[in-house]
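Enquirer: please work out how this folds:
(one chain, ligands or ions: 2)
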Amino acid sequence: MKEYPNVTIFDHPLIRHKVAILRDKNTGMKEFRELVEEITTLMVYEAFKDVPTKKVMVETPLETCEQTMVADGAVTIVPVLRAGLGMVNGVHTLFPTARVGHIGMYRDEETCEPHEYYCKLPNRSDNTVAIVLDPMLATGGSAVAAIDLLKQKGYKNIRLMNIIAAPRGVEVVSKAHPDVKIYISTLDRELNEHSYILPGLGDAGDRLFGTK
Ligand code: PRP
Ligand code: URA
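Expert: Ligands and ions are numbered 1, 2, ... in the order given. All right, here's what the predicted structure looks like:
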């Protein structure tokens, strides 16, 4: 795959370790859900080194000093339903007051085209980084549609975070939205004939919510 300047792949042994367990077909729903959260937190910690901050004065027991804190409303969390929901707590661990907007999107089983069925976003789109969450980036159709929607609603600073991505999804999103930074923990080999990621982890929504 061509190199894309907007794509960060996390090459960290802790993330690789957790992704290995996540892929295993014998990993049950509870552990799968916990791992998705933990991996998300590790990725967010790295991806938001540049989070906007503000200066505050803090009184210690000894004196007053100037300190740095995360700016109010710096991050807006946007999970793509269903599977993106599994990543929300992983971001809230680090940004507990972040607002959450939901985008409902499902892939047609035959065509793999994305279909939007729900959208509820916070009104305030200025001065916030919208972080779109979805564990899987396969053809890229769902991610492109979700980002299109955010831009239509006025969001200007958008990032995409996926746990596992296929080269095709990365290329499709990068071409459609070159301004969007993409963070992935693992770049997998390819898609199969049903547009599932190989080696992948199967259907993320089903594994998170026990629907199969
Ligand atoms: C999965 C996944 C992504 C999408 C990725 O959702 O969570 O949203 O597929 O595929 P794409 O890159 O080819 O668009 P799915 O449509 O299966 O819905 P679900 O989360 O409700 O199971
Ligand atoms: N959606 C999933 O949940 N898994 C894939 O491999 C592709 C799309």
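
Enquirer: are stretch 114-131 and ligand 2 in contact anywhere?
Expert: No. Using C-beta under 6 Å from any ligand atom, we find that stretch 114-131 stays clear of ligand 2, coming within 10.7 Å at best. For the C-beta atoms, the positions are set from N, CA and C on the backbone; glycine is no exception.

Enquirer: quick one: buried residues of that stretch?
Expert: Within stretch 114-131, the residues scored as buried using 16 or more other C-beta atoms under 10 Å are 114, 119, 121-122, 125, 128-131.

Enquirer: report all helices and strands that the helix or strand where Val58 lies contacts.
Expert: Assigned by DSSP states H and E, Val58 belongs to strand 53-59. Applying 3 or more C-beta pairs under 8 Å, 6 or more residues apart in numbering; DSSP states H and E, one finds that strand 53-59 contacts strand 64-70.

Enquirer: re the thing from before, widest-spaced pair of the buried residues of stretch 114-131?
Expert: Farthest apart among the buried residues of stretch 114-131 by C-beta to C-beta are Pro114 and Thr128. That separation is 23.9 Å.

Enquirer: out of the buried residues of stretch 114-131, the closest to ligand 2 would be?
Expert: Pro114 (10.7 Å; C-beta to the nearest ligand atom).

Enquirer: rewinding a little: redo the buried residues of stretch 114-131 as a markdown table? Include pLDDT.
Expert: Shown next, in a markdown table, are these (pLDDT from 0 to 100):
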| residue | pLDDT |
| --- | --- |
| Pro114 | 95 |
| Cys119 | 97 |
| Leu121 | 96 |
| Pro122 | 95 |
| Ser125 | 74 |
| Thr128 | 95 |
| Val129 | 96 |
| Ala130 | 97 |
| Ile131 | 98 |
